[in-house]
Every structure is written in structure tokens, then in C-alpha cells.
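Visitor: attaching a predicted model along with its sequence, questions to come.
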Amino acid sequence: MRLQSPWHPRLADGPAAPSERLATALADDILSARLPTGARLPAHRDLAWRIGIGVGTVTKAYGMLERRGLVRSVRGRGTFVAALPGRQGPVIDLSVNMPPAMISERALARTLSRISRSIDPDLFNIYPPVAGHDEHRRMMARWLSGLGMEAAPERLLLTNGAQQALAVAMAVACPSGGTIVTEACTYPGALALARQTGRAVAGVDMDAQGMRPDALDRMLAAHRGTPMALYVTPTMHNPTTATMDMSRRRDIAALCRRHNVPIIEDDVYACTETGADPQALMPLGMLAPERTFYVNSLSKTLSPGLRIGALLVPCAHLHAAESVLLTTSLMIAPLSYAVMAQWMLDGTAQAVRAAIRAEAARRRDLAASLLGPAMTYPRYDGFHVWLPMSRPDAERLDGAAAAEGIAVTAPGLVSVAPDAPATGIRLCLGRARLPDLTRALEAIGRHLAPLDGRRAATPEPPGVAPPGPAGRLP
């Protein structure tokens, strides 16, 4: 006699298809350990009858979960919750910005088994073209289209992750000795890259939508006559989580046209579901294609181990970008190409992307429930949140977290001006297991409590605008 499943059937809230809502509900209970390892899932027909959906819908949902490695099916026995990795090391790391783990050992083994039966030996026997194989460039172009960026494959360069794409873009758009204009707080990797390659960095004041057009206009006018390029993250800005609306994006694009400044757009946090309104978060690369170097990566939308970046280059700069890529290239691992192709062909990539977005939203809301108004509530799904505060408070919180075995992003790493009074703490929510993440956020919440009164009595410093009521952006 088979054991009954301990799961209480339900569909997650939201407008998604029933199969996605069922998969989300099960994933929530698996990742939060309400459904333990080895627990049986309900039989397909029984579950379909209990919640009033078709058997095919249940089969589709179970397939999504199996591709993520959250469940395993045993022929003749049923479907069971798969084992998940435990916490590694004494530190809960909230300093590294990466998506939640959605690919298990079992799912990866299944992928490699399929690849072994069909892999092209030329991936290993010959050097790839500088910009990547044509087939893989077409696949990446279709993938970017699903994220809202229409990309012509002939303008697309495949790179060894987004960081190499940024390096190529900076080398072409802004010569050494020039100035990278960016947000007052920005991605630490871009700051380090600009400074290590002999470029100055100028920070532009921000508000709840990110870079302010009036401040950018003044900054570009002040640097007129010197080589410069704009580096900007319009969607789910790192670290502040700001997202620009379409009016703001058009203003930024128009200013760069008027000042004849190239744009380097970092869009690695775009994880838009297929079918979402492409007008809502249109990339600058579509508003000003003649001057925008558009950067994306599978490391953020699928898996950190899949280091395949994408750089969409303006037509006039394509030859120069290919030359830089050739001289700086770290060849993409052939196995990574094979995994990318397999996942995009068999639906794993789409399932993982949707699962990452759902898990990111859950972790964001967990952080909001534990950190309250101290946290800027993002208007977009991502893997990090932002605690704006003065530099002394941020440095104290950084030290207090470290004393409890919690690593956060130090405030000095994200600020263009090292002595800027307005900064904050970035918390990266994707890497830690959910129980560890909960404990870490609870500890940080306790350390935030003494700051609340002082922050209420102290005017906000200039630079980054404060969050709106209840921690939400206005």
C-alpha cells in the first residue's frame, strides 16, 4: 500500500497559468521545508480532481519541478521531493549577487546525459568564431527577445560572462583616460573595472527611479570636450533596486543623443516573463540603438555557472568591439555552449527563468516583512535589496553583521565618492538557503531597530532619495 502524500493541495495566487501556479505552490513548500526530502507528491489524477484542474496541467507542473531538480519521479512508485543542499561554511553570505539555485545535481546529470548523446565534437576540436557560433548567437538573440530586447544576431557578441562584455564595451565606448559617468551608487564590478583600466568615474545624483536626468545633464555638460560614456542600469539597479519608468528612459536616451555620449546599458537583472508588456521596461538599447552597448548574461537569468554573456553592439562599433574581444578573449567553455543549447531547446531555460523570478519575489517579500521601512521595496523582481542610510550607520551595521557571521556588501564598495554621506547596505538574497536567509534577516532587523529613531530625527543626506511610505518607492 502506498503512503499518502502529506501535501495539502493548493494553487499559488496570481494571474499565471494553473500549471505555473501549482508548480509555484509546491516549490514554496519544498524550499521552506514544509514538504521534507523524500515526501511523496499526490498522484496526478487525485491532485487534479482535488483542486479542479486537468491531469495534463498536473503533469506539466511536475515536469517544471523536475527540471528544477526539486522533485524526482520513480517509475511505478510516484514523484518525491528531492534532497536539497545544506548550508556550507560558518558564514551566511549576503554579499554575492546571484540568483537562487534552481538546478539540482539530478537535473544537471540529466542535462549532461542528453548532451552526451548529441554533442557536436567540433565544439571541442576547433576554436569558435570570435563572436561565437552563429547558431548560439541566434539562440541568444531569441532569449533576449523574451526579456524585452530585440537583438539582431549579427550585432551580438557572446562573451565570457557579463564582466567581459562590460570590459569590451568600456574599451570601445570610452578610451583609457576618459570618464565613465554612472549613478552615485553603482555596481562594484563596474567601478573596479573602470578604475583599473585608467578611467575616471563621475557619480550622478539619484532618486527613486535611479539616475536623475537634470543631474545627468549637468554632469555631461561639465565634462563636455572630454571622452566619456554613460554606464547605467535602468532595471533593478545594483545596489539601490531603482527601476526607471519609460518617461525616465526616454529622457536619459535623449540627453545622451544631445550630448553625443555612448551608453553602456547593464540589463543583467531583466528576468521578464514571456508575454509581459515589452513597452513597460523597454531597454535603452531599443530607444537609442545607434549608441547603446547592451549587456546581459545567462549567469543572472539561469545559473551562475553558465558564464555566457551577451553584448549587443551599435553597428558603427561592431568591428572595433570584435577586435577588442579577440585580444582579450577568454574562450567560453564548449560545455557551457552545449548546456545553453540543450536548455533552450528542451524548455529547461524557460522553466528555470520563471522559477527564479518567483523565488526572487518570495525572498524580496520575506526581506520586506523582516526589515520593514528600513528597506527600499523594489518595483521589480531581483536578487538583492537596499537599506539606505548614512555612511556611519552603514559601517556600523556592516560590522555588527560580520560579528554574527553574516557577510553583506560593504558600503564603500558601491559608492563612487568614497566620502559620500549617502550610502547604504546591499543584501543579496539569492545565495543563502531559505532558513539561513531568514535567520540572517532577523539578525539584521534587530540591529536596524536602534537606528530607526536616529534616522527619523536626522535629515536624509543628499544623493540617493529615501524610500516612500512603508519602505515602498513612491
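Guide: Arrived safely, thanks for sending.
Visitor: going forward, measure contacts and count neighbours with C-alpha atoms only.
Guide: OK.
Visitor: can you tell me how far the residue lying closest to S297 once chain neighbours are set aside is from A141?
Guide: Spatial nearest neighbour of S297, excluding adjacent residues (C-alpha to C-alpha, 6 or more residues apart in numbering): G309 at 4.1 Å. Using C-alpha to C-alpha, to the nearest Å, G309 is found at 12 Å from A141.
Visitor: now G285
Guide: From G285 over to A141 (counting by C-alpha to C-alpha), the distance is 13 Å.
Visitor: now do the buried residues in the lowest-mean-pLDDT helix or strand in the chain.
Guide: The helix or strand of the chain with the poorest confidence is helix 122-125; it has a mean of 74 (mean pLDDT, DSSP states H and E). Of all the residues in helix 122-125, not one is buried under the rule 16 or more other C-alpha atoms under 10 Å.
Visitor: what do you get for stretch 244-255?
Guide: By 16+ other C-alpha under 10 Å, the buried positions in stretch 244-255 come out as 244-246, 248-250, 252-253, 255.
Visitor: filter those residues down to the ones in helices?
Guide: Per DSSP state H, helices hold the following members of the buried residues of stretch 244-255: 246, 248-250, 252-253, 255.
Visitor: residues contacting stretch 435-447, please?
Guide: Contacts to stretch 435-447, defined as C-alpha atoms under 8 Å, 6 or more residues apart in numbering, come from residues 32, 87, 92, 366-367, 370-371, 397, 400-401, 404, 406, 429.
Visitor: same check on stretch 164-172?
Guide: Everything outside stretch 164-172 that qualifies as a contact, by C-alpha under 8 Å, 6+ apart, is 159, 190, 193-194, 229, 264, 293, 295, 309-311, 317, 320-321, 324-325.
Visitor: ok, so of the residues you listed, who is nearest Q4?
Guide: G309 (45.5 Å; C-alpha to C-alpha).
Visitor: got the phi/psi numbers for the closest one?
Guide: With angles defined as degrees, to the nearest 10, G309 sits at phi -100, psi 160.
Visitor: if I pick it, what's in contact with it?
Guide: For G309, the contacting residues are 158-165, 295-299, by C-alpha under 8 Å, 6+ apart.
Visitor: and the residues you listed, which is closest to S19?
Guide: Using C-alpha to C-alpha, the contacts of G309 come closest to S19 at L298, 24.6 Å.
Visitor: my read: the closest one touches I308, true?
Guide: Yes: counting by C-alpha atoms under 8 Å, L298 touches I308, with 5.7 Å between them.
Visitor: what's the overlap in contacts for those two?
Guide: Taking C-alpha under 8 Å, 6+ apart as the criterion, L298 and I308 both touch G161.
Visitor: mind listing the helices for the stretch 251-400 of the chain?
Guide: 284-287, 298-301, 318-328, 334-346, 348-371, 391-403 (DSSP state H, counting those that start in this stretch).
Visitor: could you list the low-confidence segments of this protein?
Guide: Within the chain, the ranges that satisfy pLDDT under 70 run 1-3, 83-90, 271-279, 330, 451-474.
Visitor: mind giving me the domain split of it?
Guide: 18-81, 121-346, 350-471 (automatic domain parsing).
Visitor: who wins for proximity to T111 among those?
Guide: For T111, the closest of those is domain 121-346, at 7.2 Å, according to C-alpha to C-alpha.
Visitor: now do the end-to-end distance for that closest one.
Guide: End-to-end for domain 121-346, by C-alpha to C-alpha: 20 Å.
Visitor: what do you get for stretch 328-341?
Guide: 25 Å.
Visitor: cool, and stretch 412-424?
Guide: One end of stretch 412-424 sits 9 Å from the other (C-alpha to C-alpha).
Visitor: any idea how far it is from the chain center?
Guide: Centre-to-centre, stretch 412-424 and its host chain are 22 Å apart (C-alpha atoms, centre = their mean, to the nearest Å).
Visitor: repeat for stretch 338-358
Guide: Taking mean C-alpha positions (C-alpha atoms, centre = their mean), stretch 338-358 and its chain are 15 Å apart.
Visitor: what of stretch 256-275?
Guide: Centre to centre, stretch against its chain (C-alpha atoms, centre = their mean), the figure for stretch 256-275 is 14 Å.
Visitor: what's the neighbour count on the closest residue to E150 other than its chain neighbours?
Guide: Nearest in space to E150, with sequence neighbours left out and distances taken as C-alpha to C-alpha, 6+ apart, is L144 at 6.6 Å. The local packing of L144 (other C-alpha atoms under 10 Å) involves 20 other residues.
Visitor: helix 334-346 and the helix or strand that contains L144, what's the angle between them?
Guide: Taking DSSP states H and E as the definition, one finds L144 inside helix 134-146. Compare the direction of helix 134-146 with that of helix 334-346 by axes from the mean of the first three to the mean of the last three C-alpha atoms, to 10 degrees and you get 50 degrees.
Visitor: give me the angle between helix 134-146 and helix 348-371.
Guide: Using the same axes, to 10 degrees: helix 134-146 against helix 348-371 is 40 degrees.
Visitor: which strands and helices sit next to helix 134-146?
Guide: For helix 134-146, the packing partners by 3 or more C-alpha pairs under 8 Å, 6 or more residues apart in numbering; DSSP states H and E come out as strand 156-159, helix 334-346.
Visitor: let's see that with 6 Å instead.
Guide: Judged by 3 or more C-alpha pairs under 6 Å, 6 or more residues apart in numbering; DSSP states H and E, helix 134-146 is in contact with no other helix or strand.
Visitor: circling back: top of the contacts of stretch 435-447 by number of neighbours, please.
Guide: L429 (29 neighbours).
Visitor: show me the contacts for that one.
Guide: Residues in contact with L429 (C-alpha atoms under 6 Å, 6 or more residues apart in numbering) are 383-384.
Visitor: now it: phi and psi?
Guide: L429 adopts backbone torsions of phi -100, psi -10, taken as degrees, to the nearest 10.
Visitor: how distant is stretch 106-119 from the center of its chain?
Guide: For stretch 106-119, the distance to the chain centre is 26 Å (C-alpha atoms, centre = their mean).
Visitor: buried ones in that stretch?
Guide: Those would be 106-107, 111, 115, 119, for stretch 106-119 by 16+ other C-alpha under 10 Å.
Visitor: what's the answer for stretch 122-141, then?
Guide: By 16+ other C-alpha under 10 Å, the buried positions in stretch 122-141 come out as 130-133, 136-141.
Visitor: could you do stretch 413-425 as well?
Guide: 413-417, 420-425.
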